[in-house]
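Peer 1: structural data only, the sequence is not supplied:
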């Protein structure tokens, strides 16, 4: 079993569209893990049935028992996050601002404050249109701990893949270089970087590859919409050569990507011409590479 993680330095590069296309090409041989939990959207292309749903708890939240509160204000005074405002003659906890550190509960003279586990989202296991399984999740609005939710998604996907003898786990990671990306990369056999020929695209490609390099994971790169700015495309190719990153494909700009999404289809289902051929060849190359690692 091989784990392939698809990430990008910035949003909007086509990462999810390509990941979903690879899943459609491989059909029942791959377990899909949507680890972009802050802005999950792979379900729009994979038609999941949300067969199993589970609440996800992580971190703690302060709760004031109003019947025991003497309104001394000590909790508000020591809260460095300003999470305990005085509203309508009552001290209350702002759930968005509270970091769950527990200090307010420790200094409360009447033990009126307790910490409870915080529900920060849901995770799901679904049957999808390829005949395979997808593990995905949704982080609650304003919630933290996305890295832990990503770890939950990956662990469930790995369990399914091992029990079902799947050949691949295909992970759609978050854009950027933050905690959920770090969690997505853990345990990966190969990383596919998706970029675009813009100044910000190149800058963020370098940042995210620096992170991948620290994990000592072999990587390849797809340049999407390569023909929008050929001079920047050449700079990207030079960077790939210098860092010994596999140059996997150049994909031309096409409105077919947008049209496919509006019909809840991947590009390899919607386009039967050159784009599908490029992506099929790219996926074949990725598989050839990882079996040599």
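Peer 2: Looks like it arrived, so ask away. Being a predicted model, the structure only gives us computed values, none of them experimental.
Peer 1: helix or strand right after the longest helix seen in the chain?
Peer 2: For the chain, the longest helix by residue count, based on DSSP state H, is helix 146-164. Using DSSP states H and E, the next helix or strand after helix 146-164 towards the C-terminus is strand 168-175.
Peer 1: elements contacting that following strand?
Peer 2: strand 2-8, helix 15-26, strand 30-34, helix 146-164, helix 179-185 (3 or more Cβ pairs under 8 Å, 6 or more residues apart in numbering; DSSP states H and E). In short, each C-beta sits where N, CA and C put it, glycine included.
Peer 1: and that strand, average pLDDT?
Peer 2: Average pLDDT, strand 168-175: 94.
Peer 1: and stretch 25-40, by the same measure?
Peer 2: 93.
Peer 1: next: stretch 62-78.
Peer 2: Stretch 62-78 comes out at a mean pLDDT of 96.
Peer 1: could I get the buried residue list for that stretch?
Peer 2: Buried residues in stretch 62-78, counted by 16 or more other Cβ atoms under 10 Å: 62, 63, 64, 69, 74, 75, 76.
Peer 1: look up the closest residue to the fifth one, ignoring the ones flanking it.
Peer 2: What that stands for is residue 74. Distance criterion Cβ to Cβ, 6 or more residues apart in numbering; nearest residue to residue 74, sequence neighbours excluded, is residue 107 at 5.5 Å.
Peer 1: contact partners for the one you found?
Peer 2: Taking Cβ atoms under 8 Å, 6 or more residues apart in numbering, we find residue 107 in contact with 74, 75, 78.
Peer 1: and those residues, which of them are in helices?
Peer 2: Among these, the members falling in helices (DSSP H) are 74, 75, 78.
Peer 1: these two touch, right, the first one and residue 109?
Peer 2: Yes. In this structure, residue 74 is within contact of residue 109 by Cβ atoms under 8 Å, at 7.0 Å.
Peer 1: just to revisit the earlier point, and of the contacts of residue 107, the nearest to residue 97?
Peer 2: Closest to residue 97 out of those is residue 75 (12.9 Å), distances taken as Cβ to Cβ.
Peer 1: that closest one contacts residue 84, correct?
Peer 2: Yes. With contact defined as Cβ under 8 Å, residue 75 counts as touching residue 84 (5.1 Å).
Peer 1: between the two, what contacts are shared?
Peer 2: 62, 64, 91, 104.
Peer 1: list the contacts for the residue nearest in space to the middle of the chain?
Peer 2: With distances taken as Cα atoms, centre = their mean, residue 36 lies nearest the centre of the chain, 2.1 Å away. Shown in contact with residue 36 (Cβ under 8 Å, 6+ apart): 16, 42, 172, 173, 174, 175, 180.
Peer 1: quick check: closest non-adjacent residue to the residue of the chain most remote from its centre.
Peer 2: Using Cα atoms, centre = their mean, the residue of the chain lying farthest from its centre is residue 70. It sits 44.2 Å away. Closest residue in space to residue 70, ignoring its immediate chain neighbours: residue 110 at 5.6 Å, by Cβ to Cβ, 6+ apart.
Peer 1: out of the helices and strands packed on strand 168-175, nearest to residue 128?
Peer 2: So among those, strand 30-34 is nearest, using Cβ to Cβ, at 6.7 Å.
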